[in-house]
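Q: fold the following.
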Amino acid sequence: MQPEPTGPPRSQDRRALRSRAALMTAAVRLVSERGTTAIPVTDLTEAADVSRQVLYLQFGDRDVLLVEAAADLVRRELLAEAEAEAEDGGDAFAGVLAMARHFAAHRSFYRAMLTGSCAFAMTRTLNSLFSSANEKTVRQLFGELDEQVARDLAAFVAGGTGAVVNDWLIDGADPGDPLDP
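A: Numbering: from 1, shown residues only. Modelled structure (predicted):
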């Protein structure tokens, strides 16, 4: 069975939130530096300066931590930027460009995540995040839609976009600036 992200923290205790954030930061840094998800739990907990027990209490296992760290990175950086663009009246191209720049900037991290032990869970999580974000755009493009049809179209767009991004990150040339030929 593949790990599922844990979602928002169960505790609002500041120490628990700091530990959780430290573990996610360490996960992104170590996966990016090493280019693999095969990172021992001990390395993750030492980099975050927490005990192994904290990792298991907060996330259950290493792969859930890795997927949740990726989801958090997407939420904080990519979706926040896309939301700001939409509020500023940016066009659809601005959102696509923001996505390309985000994935290019974090290529080593996402490449490892999409080819490592948690690849399936990672793909499902990204599709879920992007489906939710695409629902508003789908409604703008197609007008009044049945709830299920809107969700299905948003999932279809997210899945297709995910396939293109996966191919680019995994098999494509080293991405630089998406606008630089």
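Q: what's the separation between the most far-flung residue of the chain relative to its centre and Asp174?
A: With distances taken from the mean C-alpha point of the chain and given as C-alpha atoms, centre = their mean, the most distant residue is Glu144, at 29.4 Å. Computed as C-beta to C-beta, to the nearest Å, the Glu144 to Asp174 distance reads 44 Å. For the C-beta atoms, the positions are set from N, CA and C on the backbone; glycine is no exception.
Q: same deal with Ala100?
A: With the distance defined as C-beta to C-beta, Ala100 ends up 14 Å from Asp174.
Q: distance of Asp72 from Ala26?
A: Using C-beta to C-beta, we find Asp72 at a distance of 12 Å from Ala26.
Q: swap that for Val165, please
A: 25 Å.
Q: looking at these two, which has the bigger crowd around it?
A: The residue with more neighbours, out of Val165 and Ala26 and counting by other C-beta atoms under 10 Å, is Ala26; that gives 22 against 19.
Q: low-confidence regions, the protein specifically.
A: 1-11, 85-93, 175-181 (pLDDT under 70).
Q: now do the helices in it.
A: Counting by DSSP state H, the chain has helices at residues 14-34, 41-48, 52-59, 62-73, 80-87, 92-105, 107-115, 119-142, 147-171.
Q: need the winner for burial among the ones you listed.
A: helix 62-73 (a mean of 24; mean count of other C-beta atoms under 10 Å).
Q: and that helix, what does it pack against?
A: Contacts defined by 3 or more C-beta pairs under 8 Å, 6 or more residues apart in numbering; DSSP states H and E place helix 62-73 against helix 14-34, helix 41-48, helix 52-59, helix 107-115, helix 119-142.
Q: now the angle between helix 119-142 and it, please.
A: Helix 62-73 runs at 30 degrees relative to helix 119-142, counting by axes from the mean of the first three to the mean of the last three C-alpha atoms, to 10 degrees.
Q: circling back to that earlier point, out of the helices and strands packed on helix 62-73, nearest to Leu79?
A: The stretch from the helices and strands packed on helix 62-73 with the least distance to Leu79 (C-beta to C-beta) is helix 119-142; that distance is 5.8 Å.
Q: got the CA positions of that closest one in PDB?
A: The C-alpha trace of helix 119-142 is given here as PDB (Å, rounded to 0.1, in the frame of the first residue of the first chain):
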ATOM      1  CA  ALA A 119       6.200   8.000  -6.800                       C
ATOM      2  CA  PHE A 120       2.700   6.700  -6.900                       C
ATOM      3  CA  ALA A 121       1.600   8.600  -3.800                       C
ATOM      4  CA  MET A 122       3.400  11.700  -5.100                       C
ATOM      5  CA  THR A 123       1.600  11.600  -8.400                       C
ATOM      6  CA  ARG A 124      -1.800  11.100  -6.700                       C
ATOM      7  CA  THR A 125      -1.100  14.000  -4.300                       C
ATOM      8  CA  LEU A 126       0.000  16.400  -7.100                       C
ATOM      9  CA  ASN A 127      -3.100  15.400  -9.200                       C
ATOM     10  CA  SER A 128      -5.300  16.100  -6.200                       C
ATOM     11  CA  LEU A 129      -3.700  19.500  -5.400                       C
ATOM     12  CA  PHE A 130      -3.900  20.600  -9.000                       C
ATOM     13  CA  SER A 131      -7.400  19.200  -9.600                       C
ATOM     14  CA  SER A 132      -8.700  21.400  -6.700                       C
ATOM     15  CA  ALA A 133      -6.800  24.400  -8.100                       C
ATOM     16  CA  ASN A 134      -8.100  23.800 -11.700                       C
ATOM     17  CA  GLU A 135     -11.800  23.600 -10.700                       C
ATOM     18  CA  LYS A 136     -12.200  27.400 -10.700                       C
ATOM     19  CA  THR A 137     -10.500  27.700 -14.100                       C
ATOM     20  CA  VAL A 138     -12.600  24.900 -15.600                       C
ATOM     21  CA  ARG A 139     -15.700  26.800 -14.400                       C
ATOM     22  CA  GLN A 140     -14.500  30.000 -15.900                       C
ATOM     23  CA  LEU A 141     -13.800  28.300 -19.300                       C
ATOM     24  CA  PHE A 142     -16.900  26.300 -19.500                       C
END
